[in-house]
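Novice: coordinates only, sequence not included:
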């Protein structure tokens, strides 16, 4: 299967995900109603509701799989990208330091 035939998952921003979860948690929609109303998959709305629905407790930390709130998920992605960028820059600076140390000798 080539890449043009693959199904591309739509990307939703954090605000959309939080608002979709609020429809279920605060406005009394069922998950199916919210998914149908917004035109998204039921599994997506379930993940978002689960992520927004309850705060993380010590019991959650002991479990195998923990679901972060949506805002924390977005921040984690941003921090991972920033961390990778900083690691790359550090490696470049290390190589430059070695180069200039050899030049000075």
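Specialist: Great, that's in hand. Please read all numbers here as calculations on a predicted model, not as lab measurements.
Novice: which helices and strands does the longest helix seen in the chain pack with?
Specialist: Taking DSSP state H as the criterion, the chain has its longest helix at helix 70-104. Under the contact criterion of 3 or more C-beta pairs under 8 Å, 6 or more residues apart in numbering; DSSP states H and E, helix 70-104 touches helix 14-25, helix 42-53. Backbone N, C-alpha and C define where each C-beta goes, glycine included.
Novice: nearest to residue 68, of these?
Specialist: helix 42-53 (6.6 Å; C-beta to C-beta).
Novice: what's the angle between the closest one and helix 14-25?
Specialist: Orientation of helix 42-53 against helix 14-25 (axes from the mean of the first three to the mean of the last three C-alpha atoms, to 10 degrees) gives an angle of 90 degrees.
Novice: show me how far helix 42-53 is from its chain's centre.
Specialist: 13 Å (C-alpha atoms, centre = their mean, to the nearest Å).
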